[in-house]
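A.B. asks: build me a structure from this.
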Amino acid sequence: MMRILGIYDTATRWLESRWPMDLTLLFTRIVLAGIFWRSGRTKVEEGSWLSISDTTTFLFEEEYSGVPLPPDLAAVMATWSEHLFPIMLVLGLFTRLSALALLGMTMVIQLFVYPEAWWQVHALWVAMALVLIVRGGGSLSLDKPLASMMRP
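C.D. replies: Have a look, this model is predicted:
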């Protein structure tokens with residue numbers, strides 16, 4: 001039994017070290033970014049970068065009408081956010097701010113669009129965003145050199 005506890009303790013210490021944590025944060029950033037990026041790409045005209053599609057406008061007028069913003073503004077904000085913040089997350093640039101923005105989007109979706117999707121989907125998005133808000137981007141992010149440059 002002591003040998004098993006010793007192996008477990010060694011494995012735990014290694015998992016708490018820098019590289020496993022940094023790789024986990026990088027993976028979390030990529031996964032959360034991928035969810036929102038793919039959603040953002042469905043909102044634009046095929047072959048365009050950020051030209052919002054008629055389908056998106058229709059969805060914000062009809063299916064997402066519970067969002068307490070004018071549909072045209074909500075469509076633009078969602079489309080731009082689902083492109084900008086995932087890029088920032090992948091780069092690890094202002095990770096906490098980017099994750100907070102996506103957490104806010106998740107809560108708007110949860111409260112006003114798909115309130116039945118908490119346990120199936122949104123709880124996982126919230127968990128990933130919270131990990132990034134609390135832990136930051138890790139050493140494999142642009143936040144790391146930026147923080148070094150800001151210190152006296």
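
A.B. asks: list the buried residues of stretch 64-72.
C.D. replies: Y64, V67, P71 (16 or more other Cβ atoms under 10 Å). Backbone N, C-alpha and C define where each C-beta goes, glycine included.

A.B. asks: any idea how far the helix or strand V126 falls within is from the chain center?
C.D. replies: Element membership of V126 [criterion: DSSP states H and E] is helix 123-135. The chain centroid and the centroid of helix 123-135 are separated by 8 Å under Cα atoms, centre = their mean, to the nearest Å.

A.B. asks: neighbouring contacts of it?
C.D. replies: 21, 25, 28-29, 31-32, 35, 89, 95-96, 98-100, 102-103, 106-107 (Cβ atoms under 8 Å, 6 or more residues apart in numbering).

A.B. asks: and the next helix or strand along the chain from it, which residues are buried?
C.D. replies: Later in the chain than helix 123-135, the nearest helix or strand by DSSP H and E is helix 143-150. Buried residues in helix 143-150, counted by 16+ other Cβ under 10 Å: D143, K144.

A.B. asks: stretch 99-110 too?
C.D. replies: In stretch 99-110, counting by 16+ other Cβ under 10 Å, buried: A99, L100, A101, L102, L103, M105, T106, V108, I109, Q110.

A.B. asks: now the strands: where do they sit in the protein?
C.D. replies: Here the chain has no strands by DSSP state E.

A.B. asks: where does it have its least confident helix or strand?
C.D. replies: One helix or strand of the chain scores below all others by mean pLDDT, DSSP states H and E: helix 2-15, with a mean of 87.

A.B. asks: which elements pack onto that one?
C.D. replies: Counting contacts by 3 or more Cβ pairs under 8 Å, 6 or more residues apart in numbering; DSSP states H and E, helix 2-15 is packed against no other helix or strand.

A.B. asks: contacts for it, please.
C.D. replies: Identification of contacts with helix 2-15 by Cβ under 8 Å, 6+ apart yields P20.

A.B. asks: hang on, the earlier thing: let's see which of the contacts of helix 123-135 end up in helices.
C.D. replies: Using DSSP state H, 21, 25, 28-29, 31-32, 35, 89, 95-96, 98-100, 102-103, 106-107 are the members of the contacts of helix 123-135 that sit in helices.

A.B. asks: show me where the chain dips below the pLDDT cut-off.
C.D. replies: For the chain, no stretch is flagged by pLDDT under 70.
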